[in-house]
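Engineer: Got a predicted model here, sequence first, then my questions.
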Number of protein chains: 2
Amino acid sequence: MTDVTTAADDDAADQPTAAPDAAGADATASGEEKPRRARGEQTRQLILETALRLFRERGYAETTMRAVAKEAGVAVGNAYYYFDSKEHLIQGFYDRNQQAHRLAAQAVLDAEKDFAARLRGVLHAGIDVNQPYHSFAATFFKTAAEPSSPLSPFSRESSAAREAAIAIFRDVVEGSGAKLDPELRRELPELLWLGWMGVVLFWVYDHSPEQRRTRRLIDGAVPLIDRLVALSRLRVLRPALRQVLALIDTVRSDD
Amino acid sequence: MTDVTTAADDDAADQPTAAPDAAGADATASGEEKPRRARGEQTRQLILETALRLFRERGYAETTMRAVAKEAGVAVGNAYYYFDSKEHLIQGFYDRNQQAHRLAAQAVLDAEKDFAARLRGVLHAGIDVNQPYHSFAATFFKTAAEPSSPLSPFSRESSAAREAAIAIFRDVVEGSGAKLDPELRRELPELLWLGWMGVVLFWVYDHSPEQRRTRRLIDGAVPLIDRLVALSRLRVLRPALRQVLALIDTVRSDD
DNA sequence: GACCGTAGTTGAACACGTTCAAGAAGGTGG
DNA sequence: CCACCTTCTTGAACGTGTTCAACTACGGTC
């Protein structure tokens, strides 16, 4: 209700200190007074919410740090007290979508038992969740692509989110009745996650209306993977399978 | 104007087309419409050479447009007369390495007939060529990853370079004695190029000493692909192959 | 030779992400 | 009440990529 943040582009300047006396205004979300540390956390959230809203409204590149600060009613330097850089603000978006995917995927996994159906559902759910942010995601992807960026899906900083994502695919495999080579079973979740990264990559580059091509890619690739997984138990393919698994091991080994 | 070109001296300064008027040197294919203005081309080359040198010496991010201009002995605005942005300067690097890869690949293709050996050689040659620029390439890769960037390997602006790269892999296939399904034969070059893009992606993220993991990836993946290609003629796999080819077709179709 | 149009060139100016020294707020211990 | 420390906040300032109106040089035309 209070929603001072929506005050646009004009006044925001006259607001030197937010809630100097507390007066209970700060208790909006959580019920009770946190430890004294709550003061900064509020500002942090305010800045993050404001930034994500502006990213959504205007796009990432078009949103300046000055605009975020002004809109949030703080000094620009304050944003940098809580976030190391503009890119770091994206992490919030990142986490949020990851969680939404997890949730949407769970609904699918609760309803489906067949491996192919589970995989297909989870992949489509991932696209569903990200669909509204396609144009924004493209620019955001640019910064995530930098290997040294903490936003990279392969970075140490992302390892928690990455593990969570892989867990979804582990669930896809484990919860299905698919019979497969035990060693493959162990590696498959990570491989599927890698495939998902590939789908996301394709999606980012997909300019077709509503990203239909990505949908078709999913629909076409899933039966293929399903078939391949089934074929993996075939005698002629055993050596090839071993070869693939050995390669994965070799490549992963040291650093 | 005194003692200009503090460091840009050496080679790049005085090069071709020094005679602007003589003998219609600038035989740019188009012809009459264009007045013979080779004057600017020299400046363009000077700026490009200077920029690439500084990128190599200091890195991309650390090289400022002001430094490029100063080192080249021109005003900063002049660089923008010839190049739309700092990113556009990278295109030169891009083209040069592409050509070097083509050259190194040719040596391999002239010597080897076996499919696996050809593929392996071409991939290693690609890494060889790019090796000296690994740290620089990582940051440069960031800008290439942006879908809307003209530097993206999938962009229209890169289509010439892309076709040239695919041609290398076409040569890999055609020049080998490998027997394979005719339809696969048609698609394989582009698929191999896509795989090559994957290897590059892996390479960019590879922090192992001298990117050994990438080398191992190549050495491990090539026999695998070789085997897969050979297996593609197996009866049990024919339907799967059809499925793959159909998927590629579907995904590629409209936009 | 005078004139004009355009390719080429300039550097100040702009908006941006980011940094930093300075200070305010608010608690803690005396 | 007073120092004192930590946490939080500020806004000017820096260096960056990029733009732009003005200017120069030069070939073509009369």
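Structural biologist: Noted; the coordinates are in hand.
Engineer: Could you use CA atoms for every contact and neighbour count after this?
Structural biologist: Fine.
Engineer: confidence score at the residue nearest to residue A:156 when sequence neighbours are not counted?
Structural biologist: Spatially, and ignoring its direct neighbours in sequence, residue A:156 is nearest to residue A:150 (7.2 Å; C-alpha to C-alpha, 6 or more residues apart in numbering or on different chains). Looking at residue A:150, its pLDDT reads 75.
Engineer: Same question for residue A:5.
Structural biologist: According to the prediction, residue A:5 has pLDDT 34.
Engineer: repeat for residue A:214
Structural biologist: As predicted, residue A:214 sits at a pLDDT of 96.
Engineer: need the contact list for it.
Structural biologist: A:199, A:202, A:203, A:206, B:251 (C-alpha atoms under 8 Å, 6 or more residues apart in numbering or on different chains).
Engineer: Give me the distance between the fourth one and residue B:197.
Structural biologist: The one in question is residue A:206. Applying C-alpha to C-alpha, to the nearest Å, the value for residue A:206 to residue B:197 is 17 Å.
Engineer: more crowded one of these two?
Structural biologist: Neighbour count, other C-alpha atoms under 10 Å in any protein chain shown: between residue A:206 and residue B:197, residue A:206 has more, with 18 against 13.
Engineer: quick one: the more buried one from residue B:251, how far?
Structural biologist: Distance of residue A:206 to residue B:251, computed by C-alpha to C-alpha: 10 Å.
Engineer: And residue A:228, by the same measure?
Structural biologist: Using C-alpha to C-alpha, residue A:228 is found at 19 Å from residue B:251.
Engineer: what does residue A:75 give?
Structural biologist: According to C-alpha to C-alpha, residue A:75 and residue B:251 sit 48 Å apart.
Engineer: what's next to stretch A:176-190, contact-wise?
Structural biologist: A:113-115, A:118, A:166-167, A:169-170, A:172-173, A:229-230, A:232-233, A:245.
Engineer: Report the buried residues of that stretch.
Structural biologist: For stretch A:176-190, the neighbour count (16 or more other C-alpha atoms under 10 Å in any protein chain shown) marks A:176, A:178, A:180, A:184, A:185, A:188, A:189, A:190 as buried.
Engineer: In helices, which of those appear?
Structural biologist: Taking DSSP state H as the definition of helices, the buried residues of stretch A:176-190 contribute A:184, A:185, A:188, A:189, A:190.
Engineer: quick one, the lowest-mean-pLDDT helix or strand in chain A and helix B:134-145 angle?
Structural biologist: Lowest by mean pLDDT, DSSP states H and E among the helices and strands of chain A is helix A:134-145, with a mean of 79. If you take axes from the mean of the first three to the mean of the last three C-alpha atoms, to 10 degrees, helix A:134-145 sits at 180 degrees to helix B:134-145.
Engineer: Within range of chain B, give me the residues from the stretch 101-250 of chain A.
Structural biologist: Neighbours of chain B within the stretch 101-250 of chain A, by C-alpha under 8 Å from any C-alpha of the partner chain: A:138-139, A:141-143, A:145-147, A:204-205, A:207-209, A:213-214, A:216-217, A:220-221, A:224, A:227, A:240, A:243-244, A:247, A:250.
Engineer: change it to 6 Å
Structural biologist: For the stretch 101-250 of chain A, the residues in contact with chain B (C-alpha under 6 Å from any C-alpha of the partner chain) are A:142, A:145, A:146, A:147, A:205, A:208, A:213, A:217, A:220, A:247.
Engineer: Separate out the buried members of those residues.
Structural biologist: Among these, the ones that count as buried by 16+ other C-alpha under 10 Å are A:142, A:145, A:146, A:147, A:205, A:213, A:217, A:220, A:247.
Engineer: thinking again about what came up before, with secondary structure and pLDDT added, can I get the contacts of residue A:214 in TSV?
Structural biologist: Listed next are the contacts of residue A:214 as TSV, based on DSSP: H, G, I helix; E, B strand; the rest coil; pLDDT from 0 to 100:
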residue	secondary structure	pLDDT
A:199	helix	96
A:202	helix	92
A:203	helix	94
A:206	coil	91
B:251	helix	85
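Engineer: Just the buried residues of these.
Structural biologist: Buried among the contacts of residue A:214 by 16+ other C-alpha under 10 Å: A:199, A:203, A:206, B:251.
Engineer: Need those in CSV (columns: distance to residue A:42).
Structural biologist: As requested, these are exported to CSV (distance: C-alpha to C-alpha, whole Å):
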residue, distance to residue A:42
A:199, 36
A:203, 35
A:206, 38
B:251, 46
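Engineer: how about the residues of the stretch 51-200 of chain A that lie near DNA strand D?
Structural biologist: A:73, A:74, A:75, A:76, A:77, A:78, A:81 (C-alpha under 7 Å from any atom of the strand).
Engineer: And the pLDDT at the closest residue to the fourth one other than its chain neighbours?
Structural biologist: Right, the one you point to is residue A:76. Of all residues not flanking residue A:76 in the chain, residue A:69 sits nearest, at 5.0 Å (C-alpha to C-alpha, 6+ apart). On pLDDT, residue A:69 comes in at 98.
Engineer: Just the element for residue A:69, please.
Structural biologist: Using DSSP states H and E, residue A:69 falls within helix A:65-72.
Engineer: And for the residue nearest to residue A:76, the neighbour number?
Structural biologist: By other C-alpha under 10 Å, 21 other residues sit near residue A:69.
Engineer: Also residue A:253?
Structural biologist: The number of residues packed near residue A:253 is 9, by other C-alpha under 10 Å.
Engineer: go on, residue A:61?
Structural biologist: Neighbours around residue A:61, by other C-alpha under 10 Å: 11.
Engineer: For it, give me its contacts.
Structural biologist: Applying C-alpha atoms under 6 Å, 6 or more residues apart in numbering or on different chains to residue A:61 gives no contacts.
Engineer: at 8 Å instead, please
Structural biologist: Residue A:61 is in contact with residue A:139, counting by C-alpha under 8 Å, 6+ apart.
Engineer: Next, it: secondary structure please.
Structural biologist: With DSSP: H, G, I helix; E, B strand; the rest coil as the basis, residue A:61 sits in coil.
Engineer: ok, the nearest residue to residue A:147 once chain neighbours are set aside to DNA strand C distance?
Structural biologist: Nearest in space to residue A:147, with sequence neighbours left out and distances taken as C-alpha to C-alpha, 6+ apart, is residue B:205 at 5.6 Å. Separation of residue B:205 from DNA strand C (C-alpha to the nearest atom of the strand, to the nearest Å): 21 Å.
Engineer: PyMOL command for the buried members of the residues of the stretch 51-200 of chain A next to DNA strand D?
Structural biologist: To isolate the buried members of these in PyMOL, using 16+ other C-alpha under 10 Å:
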select buried, chain A and resi 73+74+75+76
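Engineer: taking the residues of the stretch 51-200 of chain A next to DNA strand D one by one, which sit in helices?
Structural biologist: A:76, A:77, A:78, A:81.
Engineer: Serialize the residues you listed to a markdown table and add fields for distance to residue B:86 and pLDDT.
Structural biologist: Output for those, formatted as a markdown table (distance: C-alpha to C-alpha, whole Å; pLDDT from 0 to 100):
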| residue | distance to residue B:86 | pLDDT |
| --- | --- | --- |
| A:76 | 27 | 97 |
| A:77 | 28 | 97 |
| A:78 | 30 | 97 |
| A:81 | 30 | 97 |
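Engineer: where are the low-confidence patches of the stretch 151-255 of chain A?
Structural biologist: For the stretch 151-255 of chain A, the stretches with pLDDT under 70 are A:254-255.
Engineer: can you give me the helices in it?
Structural biologist: Per DSSP state H, counting those that start in this stretch, the stretch 151-255 of chain A carries helices over the ranges A:159-174, A:182-205, A:212-231, A:238-252.
Engineer: hmm, back to that, please convert the buried ones among the residues of the stretch 101-250 of chain A next to chain B to JSON lines, extending it with distance to residue B:93.
Structural biologist: JSON lines is the format used below for these (distance: C-alpha to C-alpha, whole Å):
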{"residue": "A:142", "distance to residue B:93": "20"}
{"residue": "A:145", "distance to residue B:93": "20"}
{"residue": "A:146", "distance to residue B:93": "18"}
{"residue": "A:147", "distance to residue B:93": "20"}
{"residue": "A:205", "distance to residue B:93": "23"}
{"residue": "A:213", "distance to residue B:93": "32"}
{"residue": "A:217", "distance to residue B:93": "33"}
{"residue": "A:220", "distance to residue B:93": "37"}
{"residue": "A:247", "distance to residue B:93": "32"}
